[in-house]
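K.L.:
the following comprises the amino acid sequence and a computationally predicted model.
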Amino acid sequence: MVAKMKKLTFLIYHKDYEQFLRDLRELGVVHVVENKLNQAQSERLDKLYMQWKQLTEAKKMLEKYRDKKNPLPPNPVDVEKGYRLPQEIEKIQADAATLMQQLQISKKERDALIPWGNFDPENISRLERAGYFIHFFVVSNRDYNPEWEDLYNAIVIETKNSKTYFITITKEQDIPQKLNLEAVKMPEVSLEQLNRMIDQLNAKLQENEEKLKRLTADLPSLEAAIKEIDSEIRFTRVHVSADHVADNKIMLLQGWVPESNEQDIRNYLEFQEVYYIIEDPQPEDDVPIQFDNNKFIKLFEPITEMYMLPKYNELDLTPFFAPFYMIFFGLSLGDIGYGLFLFLVATIVKVMKKKSLGTTLKNVLSLVQVLGASTVVCGLLTGGFFGFNIYEVNIPFFQNMKNHVYFDNNQMFELSLILGVVQIMFGMFLKIINRTKQFGFKHALATVGWFIFLLSFIVAYLFPVALPMLGTVHQIILLGSAILFLFFNSPGKNLFLNFGLGLYDIYNMATGLLGDVLSYVRLFALGLSGGILASVFNSLATGMSPKDSIIGPLVTIVIFVMGHAINIFMDTLGAVVHPMRLTFVEFYKNAEFTGGGKKYNPFRK
Amino acid sequence: MDINLLLAYIGVALMIGLSGVGSSYGVTMTGNAAIGALKKDSSKFGNFLVLTALPGTQGLYGFAGYFMFQNIFGVLTPDITSIQAAAVFGAGLAMGLVGLLSAIRQGQVCANGIAAIGQGHDVFGNTLILAVFPELYAIVALAGVFLIGSAIA
């Protein structure tokens, strides 16, 4: 069911506006109609978004540095500090970047110095002052000329990687020109000094990282700041959504409130100097959607939301597909053991984490329980239990049950198709209601015709005594219904157009219905393939294990557990998705679901 | 007759081989897309895992088909008739081809979905629903294999 909504229109004096919005937020029941254009033009909102982005980036950064196993004890929450954190982190990171750069340069210099060994550059310049010039050269081994040793006092320092590192000690300065080689420029520091510098840089970097790690203790402050910004953004979005009228003196704001909360808002507005109107929604209004379902149906709402919310004046199909979905899931999974497993896991999690669970997660777990239970019941039809068949066990209880509920593969095949026919017919029935509700009964006549047309065949097939197939009575019914869908499918248009559309409708029905019904074969095939794979894993587990009294059973257990874990994952995935498709494609199509409603999202902190 | 058994096993080979190859292609495509998308949004690994696994089912269907002939219908014996062998071959060819192509195509749908989720679009549910469209035909093929099998057993 879609909850009834009331439309609110406020006119507020601009000086009271801010306070009014704060009160409205406190009430937390009004869905404010937001103005996307105003929001896009708001500079204040842009700034807030920017700040939010910085904060979330900072949070991501800190989470990376947090020691997950034993996190630092968190500092007391200080929102101001939270706001400052992004700048602090940025500064530390900028420092780190500079240090990194220096480290790179130093490392490069060190690499260049290593072949020459450790020496003090000061000594070189002292020699230079004394009139002896030292030049450093690197040449490939075969270019090195040993004559240089006599000519220029060349001394080989090192030969490495087919390169010769040598120096010349001469009184002349123009050795590079004479040798036609380029002298290597030496850094101003010695290797030892360089090594010390690198160690220092590394230590500083380490310290930087420590600083970031220490900051992780302030994560709660950061989170508090993000939360505050979030609510500030929400507030501003609503704030800029009002239309300015009467020379910006009056703000015009629109909103929606569920009928159940109407009294709250009336009580509040009574004491305010605000002009307001509360009225029923008009057909052209874009009303936000809130579900108003009982506890059981509520569990299936996430599935509805996955596709699309209904429009306001449309029928909410959640209560109508919920039982089908439950059965379809059960048939697709189709294994008593797997069903029990899902049910138990959901129950255990629910009991163990009773306190820390949110409502959403709790509902999901309840849904898993329901689906698991349904799987156990549907599994009884075929008797699969972790790939074994309970009906092959010679226990009187099971044999007795087999006589009553067992379905063989052919019967399962038929059952899926029959379920398909039932759901499609039910969908068509809902289409009649839906059309009547939205446009009036006149517009549902053609669908009524189709419904009777198809139903008459089903009745004639099931009860040939009451209604002989294609007997006189049946023919009259068919004729009557054919008139309905051939001539009344678009009221108000002329007869020939109606007839043409009716013929087109027949074509669509003939091709569409067949495909729709056959699509339900998947229920059977999924159940079958899941069961087969489960039994394959069982035979693998027993067949592949070595004949050893200790390792043998161990291997059996490992294969059994692994195999069934994979199978449960794949089968459950299939059993969730395929019934969903049947719901959204086959059922929704036949129930003529349009959808496109927006979710009711009240303005609150 | 030996030649009958040969024909039947060629069918089995096609069934397991082609659908397995298809699934490997499919999950590789989705896996690659998932790794790329993880760079952008590493918090969605759960969604990616589910979508990555989807094209993996075809390979299992092919295997399930073989298992049905082997254990449920029990036709893969030396005294298989030529009609049975032809049926196994046909069923295997159908299952193999459908599995091969549907898994690859399904992989493409899922990979696009994964890329879109990585870019920040909330299309997980939509991708799931669209991705099972190609899968239907693999399921229908498996149902076909089953019907062929029950007709000859």
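P.N.:
That came through fine.
K.L.:
got the phi/psi numbers for residue A:139?
P.N.:
Dihedral angles of residue A:139 (phi, psi; degrees, to the nearest 10) stand at phi -130, psi 160.
K.L.:
which residues touch the nearest residue to residue A:544 once chain neighbours are set aside?
P.N.:
The shortest distance from residue A:544 to any non-neighbouring residue, by Cβ to Cβ, 6 or more residues apart in numbering or on different chains, is to residue A:559 (6.3 Å). Where C-beta positions appear, they are placed from N, C-alpha and C, glycine not excepted. By Cβ atoms under 8 Å, 6 or more residues apart in numbering or on different chains, the contact set of residue A:559 is A:537, A:540-541, A:544-545.
K.L.:
again, 7 Å this time
P.N.:
Residues in contact with residue A:559, defined by Cβ atoms under 7 Å, 6 or more residues apart in numbering or on different chains, are A:537, A:540-541, A:544.
K.L.:
which parts of chain B sit against chain A?
P.N.:
Residues of chain B lying close to chain A (Cβ under 7 Å from any Cβ of the partner chain) are B:50, B:53, B:56-57, B:60-61, B:64, B:67-68, B:125, B:128-129, B:132, B:136, B:139-140, B:142-143, B:146, B:150.
K.L.:
number of nearby residues for residue 4?
P.N.:
Unless you meant another one, I'm taking chain A. Using other Cβ atoms under 10 Å in any protein chain shown, residue A:4 is surrounded by 15 other residues.
K.L.:
um, chain B though
P.N.:
20.
K.L.:
ok, and the closest non-adjacent residue to the residue of chain B found nearest chain A?
P.N.:
Proximity of chain B to chain A (Cβ to the nearest Cβ) peaks at residue B:125, 3.6 Å away. Among residues not flanking residue B:125 along the chain, residue A:306 sits closest, at 3.6 Å (Cβ to Cβ, 6+ apart).
K.L.:
quick one: which of the contacts of residue A:559 is nearest residue A:566?
P.N.:
Closest approach to residue A:566 among those (Cβ to Cβ): residue A:537, at 8.1 Å.
K.L.:
how about low-confidence regions in chain B?
P.N.:
B:1 (pLDDT under 70).
K.L.:
list the contacts for the residue nearest the centre of chain B?
P.N.:
In chain B, the C-alpha nearest the mean C-alpha coordinate belongs to residue B:58, at 1.2 Å (Cα atoms, centre = their mean). Neighbouring residues of residue B:58 by Cβ under 7 Å, 6+ apart: B:19, B:22-23, B:99, B:102-103, B:138.
K.L.:
how far away from the center of its chain is the helix or strand containing it?
P.N.:
Using DSSP states H and E, residue B:58 maps to helix B:57-67. Put simply, helix B:57-67 sits 7 Å off its chain's centre (Cα atoms, centre = their mean, to the nearest Å).
K.L.:
just stretch A:529-537 next, same as before
P.N.:
For stretch A:529-537 - counting by Cα atoms, centre = their mean - the centre lies 30 Å from the chain centre.
K.L.:
how much space separates whatever residue of the stretch 51-200 of chain A ends up closest to chain B from residue B:42?
P.N.:
Residue of the stretch 51-200 of chain A nearest chain B, by Cβ to the nearest Cβ: residue A:60 (9.7 Å). As judged by Cβ to Cβ, to the nearest Å, residue A:60 and residue B:42 stand 10 Å apart.
K.L.:
quick one: name whatever helix or strand follows the helix holding residue B:58.
P.N.:
helix B:82-118.
K.L.:
I'd like to know which elements that following helix is packed against.
P.N.:
helix B:2-40, helix B:45-53, helix B:57-67, helix B:124-152 (3 or more Cβ pairs under 7 Å, 6 or more residues apart in numbering or on different chains; DSSP states H and E).
K.L.:
deepest of those, which one?
P.N.:
Of all the helices and strands packed on helix B:82-118, helix B:57-67 has the most neighbours on average by mean count of other Cβ atoms under 10 Å in any protein chain shown, namely a mean of 27.
K.L.:
and it, C-alpha only, in PDB?
P.N.:
What follows is helix B:57-67, C-alpha atoms only, in PDB (Å, rounded to 0.1, in the frame of the first residue of the first chain):
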ATOM      1  CA  THR B  57      26.400 -20.400 -14.300                       C
ATOM      2  CA  GLN B  58      26.500 -21.500 -17.900                       C
ATOM      3  CA  GLY B  59      29.500 -23.700 -17.400                       C
ATOM      4  CA  LEU B  60      27.700 -25.400 -14.500                       C
ATOM      5  CA  TYR B  61      24.600 -26.000 -16.600                       C
ATOM      6  CA  GLY B  62      26.700 -27.700 -19.200                       C
ATOM      7  CA  PHE B  63      28.200 -29.900 -16.500                       C
ATOM      8  CA  ALA B  64      24.700 -30.500 -15.000                       C
ATOM      9  CA  GLY B  65      23.600 -31.600 -18.500                       C
ATOM     10  CA  TYR B  66      26.300 -34.200 -18.700                       C
ATOM     11  CA  PHE B  67      25.500 -35.400 -15.200                       C
END
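K.L.:
so the helix holding residue B:58 versus helix B:124-152, what angle?
P.N.:
10 degrees (axes from the mean of the first three to the mean of the last three Cα atoms, to 10 degrees).
K.L.:
tell me how far the helix or strand containing residue A:433 is from the chain's mean position?
P.N.:
Taking DSSP H and E as the criterion, residue A:433 maps to helix A:409-439. Here helix A:409-439 shows a centroid-to-chain-centroid distance of 31 Å under the convention Cα atoms, centre = their mean.
K.L.:
low-confidence ranges in chain A?
P.N.:
Scanning chain A for pLDDT under 70 picks out nothing.
K.L.:
for the lengthiest helix in it, name the packing helices and strands.
P.N.:
If you go by DSSP state H, chain A has its longest helix at helix A:79-113. On a contact count with 3+ Cβ pairs under 7 Å, 6+ apart, helix A:79-113 meets helix A:43-65, helix A:191-215, helix A:219-239.
K.L.:
need these in TSV (columns: mean neighbour count and distance to residue B:109).
P.N.:
Below are the helices and strands packed on helix A:79-113 laid out as TSV (neighbours: other Cβ atoms under 10 Å in any protein chain shown; distance: least, Cβ to Cβ, whole Å):
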stretch	mean neighbour count	distance to residue B:109
helix A:43-65	15	31
helix A:191-215	15	42
helix A:219-239	19	35
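K.L.:
now those helices as JSON lines including distance to residue A:87?
P.N.:
JSON lines is the format used below for those (distance: least, Cβ to Cβ, whole Å):
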{"stretch": "helix A:43-65", "distance to residue A:87": "9"}
{"stretch": "helix A:191-215", "distance to residue A:87": "12"}
{"stretch": "helix A:219-239", "distance to residue A:87": "12"}
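K.L.:
which residue, other than its chain neighbours, is closest to residue A:431?
P.N.:
Using Cβ to Cβ, 6+ apart, the nearest residue to residue A:431 is residue A:592, at 4.5 Å.
K.L.:
just give me the neighbour total for the one you found.
P.N.:
Neighbours around residue A:592, by other Cβ under 10 Å: 18.
K.L.:
need the three-state assignment for it.
P.N.:
Taken by DSSP: H, G, I helix; E, B strand; the rest coil, the conformation at residue A:592 corresponds to coil.
K.L.:
what's the distance between it and chain B?
P.N.:
18 Å (Cβ to the nearest Cβ, to the nearest Å).
K.L.:
quick check: that residue vs residue A:39, distance?
P.N.:
35 Å.
K.L.:
contact residues of chain A facing chain B?
P.N.:
So chain A meets chain B at A:306-307, A:409-410, A:519, A:521-522, A:524-526, A:528-529, A:532-533, A:536, A:570, A:573-574, A:577-578, A:580-581, A:584 (Cβ under 7 Å from any Cβ).
K.L.:
quick check: ChimeraX command selecting the buried ones in those.
P.N.:
Per 16 or more other Cβ atoms under 10 Å in any protein chain shown, the buried members of these correspond to this ChimeraX selection:
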select /A:307,409,519,521,522,524,525,526,528,529,532,533,536,570,573,574,577,578,580,581,584
